[in-house]
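**Q** Coordinates only, no sequence provided:
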């Protein structure tokens, strides 16, 4: 199949792919650490 | 412009079973509302469910209240117009619950319980020891919430007419009346219980619809390639023709409006007031992040699929991208399944509409009637006025749906409501909980400055400056809050004591009735002579 130049995965361009992965990783770290009481405000 | 009969416009015949499914669903919502009404014994039950809501109900109610018609109808529309650039708004829905429950909930829960506050203007009046702050915040809240409610009503009309084949007008009125009745009857409990059921329907609906639609265009890779072929900017974060490249202020606005914007929405903040305990607060962001990720990324992706399937605006009924979600549903699913899925969309919209109605009713009954118009009002009178206000403003919202100024599109109206309200309320809420020096003058300046800038900027400067309304209004609001607070006198010691109490780390449950400072909102009014 034809691909988009510089695609990261599933034909997602680098910018879009990074946003999706970054959101998953950052949200997992922030919410799990909050649940276990590693930080609180 | 709205299509009077979407199914006819698409050349689809809707079987009788579909409206029956929808009517059954609406009947169930009414039944839940009346069940909740039997449990309502006091105004506290009606306003905040007696502060006994658990983490799952709270998280799902918070999620479904924030991701309503604005999301189900306007999200795919934004995805259709902007392609993957719409995803800038998605992380906000993932992190929004974390901001509200990680930053605000613990202190807000403790503060409001201490001063016996039930609503956001209640909190403002206590924290800023002024009935003027209550009045100003109530007016801003009512205006913005009614606009937000109109968004949900319009979305409800779109989806119900698509499901039933009935006219847009009849669909809108029927859907709105059901929401009005169950919200008015059961208050917070009804909203929370129906939200819980509705959020499950929302997730199930999207879980079926999105994979089916993506499969129909050949998978995610093919979808991205299809977007690339329509316009190379569409699969990127920079939008069609790369219009967002070099516009950081516009991107910041799109990202922030649904990110930190969560902290300025009273119908979401109220969930932090009603939660049971500290342990529950810790679980909500985790549930909310999963829920928000699936729904937010899901609806924008749905819009991208819609762009591949219907690449030109002229291919859409009424040349209106608001119909993308119901169109994809009716196009790719069999009518009965489509009926169930669109009932899920109806659920999402009703969930938000009911949460907004509750805030409006609470504001009118508790903040305007009890605390400003008739201070001697009994609990029964306050609850009656709240219910009557809920019905009245609900009907006003229905009438407003037909006004020309509300015909600019669901997506645009949603942005106006969020861009005006959140910047006005975020500094006074955050500053009120975290900054001992914050005072009433700063709060008033921030609320007025933020909301007025939001309105004016949207209609005059947003396009020419390429700076998003939310961003501009927030900067004005924050600067005014800090500068005016610093230039005027400090808040009374009694207020600072409660701010300090709210900041303490001992568990909420351990402190019921045991703390040293016993001061109510009315005591504070007497104390400060306001």
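**A** Thanks, I have the structure now. On a predicted model such as this, the values are computed, not experimentally measured, just so you know.
**Q** I'd like the distance from residue B:472 to residue B:247, if you could.
**A** According to C-beta to C-beta, to the nearest Å, residue B:472 stands 14 Å off from residue B:247. All C-beta atoms are positioned from the backbone trio N, CA, C, and that covers glycine.
**Q** okay, the two: which has more neighbours?
**A** Comparing residue B:472 with residue B:247 by other C-beta atoms under 10 Å in any protein chain shown, the one with more neighbours is residue B:472, at 23 against 17.
**Q** what's that one sitting at in phi/psi?
**A** phi -60, psi -50 (degrees, to the nearest 10).
**Q** nearest residue to it other than its sequence neighbours?
**A** Sequence neighbours aside, residue B:457 is the residue nearest to residue B:472 in space, at 4.7 Å (criterion: C-beta to C-beta, 6 or more residues apart in numbering or on different chains).
**Q** quick one, what contacts that neighbour?
**A** By C-beta atoms under 8 Å, 6 or more residues apart in numbering or on different chains, the residues touching residue B:457 are B:419, B:467, B:469, B:472-473.
**Q** Which of the three states applies to it?
**A** helix (DSSP: H, G, I helix; E, B strand; the rest coil).
**Q** Show residues contacting the helix or strand containing residue B:473.
**A** Assigned by DSSP states H and E, residue B:473 belongs to helix B:469-487. Residues from elsewhere that reach helix B:469-487 (C-beta under 8 Å, 6+ apart): B:249, B:252-253, B:256-257, B:260-261, B:415-416, B:418-420, B:422-424, B:426-428, B:431, B:435, B:437-439, B:441-443, B:445-447, B:449-451, B:453-454, B:457-458, B:461-462, B:465.
**Q** repeat that for 6 Å
**A** B:249, B:252-253, B:256-257, B:419, B:423, B:427, B:431, B:437-439, B:441-442, B:445-446, B:449-450, B:453-454, B:457-458, B:462 (C-beta atoms under 6 Å, 6 or more residues apart in numbering or on different chains).
**Q** Can you tell me which of those are buried?
**A** Buried members of the contacts of helix B:469-487, scored by 16 or more other C-beta atoms under 10 Å in any protein chain shown, are B:252-253, B:256-257, B:419, B:423, B:427, B:431, B:438-439, B:441-442, B:445-446, B:449-450, B:453-454, B:457-458, B:462.
**Q** In helices, which of these appear?
**A** Residues of the buried ones among the contacts of helix B:469-487 located in helices (DSSP state H): B:252-253, B:256-257, B:419, B:423, B:427, B:431, B:441-442, B:445-446, B:449-450, B:453-454, B:457-458, B:462.
**Q** so what's residue B:293 up against?
**A** residue B:94.
**Q** roughly how far apart are it and residue B:22?
**A** Taking C-beta to C-beta, one finds residue B:293 at 28 Å from residue B:22.
**Q** Check residue A:38 too.
**A** For residue A:38, the distance to residue B:22 - C-beta to C-beta - is 45 Å.
**Q** ok, residue B:500 - how many residues close by?
**A** 11.
**Q** Tell me which other helices or strands the host helix or strand of it touches.
**A** Taking DSSP H and E as the criterion, residue B:500 maps to helix B:493-503. Helices and strands touching helix B:493-503, by 3 or more C-beta pairs under 6 Å, 6 or more residues apart in numbering or on different chains; DSSP states H and E, are helix B:105-114.
**Q** Excluding residues flanking it in the chain, which one is nearest residue 17?
**A** In the absence of a named chain, this looks at chain A. Among residues not flanking residue A:17 along the chain, residue A:8 sits closest, at 3.1 Å (C-beta to C-beta, 6+ apart).
**Q** oops, chain B please
**A** residue B:336 is the one closest to residue B:17 (C-beta to C-beta, 6+ apart), at 5.7 Å.
**Q** Next one: the one you found from residue B:166, what distance?
**A** Applying C-beta to C-beta, the value for residue B:336 to residue B:166 is 17 Å.
**Q** One more: residue B:291?
**A** Going from residue B:291 to residue B:166 by C-beta to C-beta gives 31 Å.
**Q** who has more neighbours, those two?
**A** residue B:291 (23 against 20).
**Q** Could you give the secondary structure assignment for that one?
**A** Secondary structure, three-state DSSP: residue B:291 is helix.
**Q** Identify the residues contacting it.
**A** residue B:63.
**Q** cool, residue B:30 as well?
**A** residue B:182.
**Q** List phi and psi for it.
**A** phi -60, psi -40.
**Q** Residue A:13 now?
**A** Dihedral pair for residue A:13: phi -60, psi 160, per degrees, to the nearest 10.
**Q** Now it: closest residue in space, sequence neighbours ignored.
**A** Once flanking residues are discounted, residue A:13 sits nearest to residue B:236: 4.6 Å by C-beta to C-beta, 6+ apart.
**Q** Show the low-confidence segments of the stretch 301-450 of chain B, by residue range.
**A** Applying pLDDT under 70 to the stretch 301-450 of chain B flags residues B:408.
**Q** Look through it and state the residue closest to chain A.
**A** As assessed by C-beta to the nearest C-beta, chain A sits closest to residue B:434 within the stretch 301-450 of chain B, at 8.1 Å.
**Q** and what of chain B?
**A** residue B:224 (3.7 Å).
**Q** Could you tell me whether that residue really is in a strand?
**A** No: going by three-state DSSP, the assignment for residue B:224 is helix, not a strand.
**Q** OK, contacts around the closest residue in space to it that isn't next to it in sequence?
**A** Distance criterion C-beta to C-beta, 6+ apart; nearest residue to residue B:224, sequence neighbours excluded, is residue A:11 at 3.7 Å. By C-beta under 6 Å, 6+ apart, residue A:11 lies in contact with A:3-4, B:221, B:224-225.
**Q** Most neighbours among these, which one is it?
**A** Ranking those using other C-beta under 10 Å puts residue B:224 first, with 27 neighbours.
**Q** Quick check: the gap between residue A:37 and chain B.
**A** Using C-beta to the nearest C-beta, to the nearest Å, residue A:37 is found at 7 Å from chain B.
**Q** which SS state does that residue fall under?
**A** Secondary structure for residue A:37, judged by three-state DSSP, is coil.
**Q** Nearest residue to it in space, please, no chain neighbours.
**A** Distances taken as C-beta to C-beta, 6+ apart place residue B:282 nearest to residue A:37, at 6.8 Å, with adjacent residues excluded.
**Q** Around that neighbour, how many other residues sit close by?
**A** Residues lying near residue B:282 (other C-beta under 10 Å) number 20.
**Q** Got the phi and psi for residue 38?
**A** If you meant another chain, say so; for now it's chain A. Residue torsions, per degrees, to the nearest 10, at residue A:38 are phi -70, psi -20.
**Q** Let me know the pLDDT of it.
**A** If you check residue A:38, the pLDDT there is 87.
**Q** With residue B:68 instead?
**A** On pLDDT, residue B:68 comes in at 66.
**Q** do residue B:11 as well
**A** Turning to residue B:11, the model gives it a pLDDT of 67.
**Q** distance of the residue in chain A that chain B sits nearest to from residue B:99?
**A** Residue of chain A nearest chain B, by C-beta to the nearest C-beta: residue A:11 (3.7 Å). To residue B:99, residue A:11 is 32 Å away according to C-beta to C-beta.
**Q** swap in residue B:311?
**A** With C-beta to C-beta as the criterion, residue B:311 and residue B:99 are 37 Å apart.
**Q** Please enumerate the helices of chain A.
**A** Here chain A has its helices, by DSSP H, at A:14-35.
**Q** does the closest residue to residue A:15 other than its chain neighbours count as helix, strand or coil?
**A** Once flanking residues are discounted, residue A:15 sits nearest to residue B:237: 4.1 Å by C-beta to C-beta, 6+ apart. Following three-state DSSP, the label given to residue B:237 is coil.
**Q** Also residue B:467?
**A** Taken by three-state DSSP, the conformation at residue B:467 corresponds to coil.
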